[in-house]
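# generate coordinates for the sequence data below:
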Amino acid sequence: MRALPLSSAGAALSLALVVAPASAADARHPLVIELFQSQGCSSCPPANANLFAWAARDDALALNFAVDYWDSLGWKDTFAKPAFTARQWAYARTLGHGEVYTPQAVVNGRADVTGADAAELQALVQREDRGAGGPDLSIEAGHAVIGAGEAPTGGAEVWLARYDPSTREVAVKRGENAGRLLPHAHVVVDLVLIGRWRGEPERFDLPAKTDPRLVDAVLVQASGTGPILAAVKERGK
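Model (predicted):
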């Protein structure tokens with residue numbers, strides 16, 4: 001496995017996949033695309049390729065979650081964690097699915113598609129735009145700072161997703177993708193619940209980084225893996 005700058009390994013993919021503007025989203029209020037995939041899934045590489053285009057944008061937060069339920073079929077995913085699979089199952093319950101699948105792209109915590117079709121994903125982004133609502137959210141000197149706003153019934157959860165901004169290439173030796181060199185963008189390394197928000201201004205400490213190359217992203221999400229109300233990623237990363 002080796003890490004490469006996103007600009008070099010993903011340039012061709014980013015140029016090939018033209019993505020339209022993300023409606024009301026901007027750098028301070030990025031839309032959120034969560035991709036659930038596995039190196040052991042032969043249908044996942046096209047979805048990973050689509051994620052490259054979104055990962056390069058300032059108005060989008062692209063998060064790549066590797067799930068572990070393909071690990072028993074010949075290849076153990078090098079990025080997978082049970083916590084990521086648990087998050088996908090939580091979405092399955094919220095979205096009314098009886099099972100989980102890969103690849104799956106969840107947009108703003110509201111709806112999902114496979115993520116393998118660029119046009120289909122773009123259409124979902126347009127339909128599930130969050131608009132300008134939600135609390136103000138920022139990352140300041142090791143803290144997540146949330147402004148006052150209208151919280152959903154049951155409140156909201158505040159999540160820290162820490163991801164690698166480089167492109168990682170993995171040589172898969174067994175399973176459905178045996179013999180392939182698979183690139184991955186914005187691979188999530190850690191997912192931590194750091195607090196809850198009920199409409200009042202809040203300030204939460206972020207855990208210290210063990211790897212300074214990683215990027216912090218914070219999500220304010222209706223409790224029970226509901227709609228994402230606000231999102232932010234570290235500036236200058």
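
# quick one: low-confidence ranges for the protein?
Filtered on pLDDT under 70, the chain yields the residue ranges 1-24, 132, 236-237.

# again, only using 80
1-28, 130-133, 236-237 (pLDDT under 80).

# what's the next secondary structure element after the longest helix anywhere in it?
Longest helix of the chain, by residue count under DSSP state H: helix 82-95. Past helix 82-95, further along toward the C-terminus, the next helix or strand under DSSP states H and E is strand 104-107.

# mind listing what's buried in the longest helix of the chain?
Residues 84, 85, 87, 88, 89, 91, 92, 94 are the ones in helix 82-95 that count as buried (16 or more other Cβ atoms under 10 Å). For glycine as for every other residue, the C-beta is placed from the backbone atoms N, C-alpha and C.

# repeat for stretch 118-127
118, 121, 122, 124, 125.

# could you export those as TSV, including secondary structure?
Below are the buried residues of stretch 118-127 laid out as TSV (DSSP: H, G, I helix; E, B strand; the rest coil):
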residue	secondary structure
118	helix
121	helix
122	helix
124	helix
125	helix
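
# which elements pack onto the longest helix of the chain?
strand 31-37, strand 60-66, strand 104-107, strand 111-113, strand 181-197 (3 or more Cβ pairs under 8 Å, 6 or more residues apart in numbering; DSSP states H and E).

# of the ones you listed, which stretch is the most buried?
Mean neighbours per residue, mean count of other Cβ atoms under 10 Å, is largest over the helices and strands packed on helix 82-95 for strand 31-37, with a mean of 27.

# need the residues that contact it.
Strand 31-37 is contacted by residues 22-23, 25, 44, 47-48, 51, 54, 59-67, 84, 87-88, 100, 102-109, 115, 121, 125, 129-130, 219, 228, 231 when judged by Cβ atoms under 8 Å, 6 or more residues apart in numbering.
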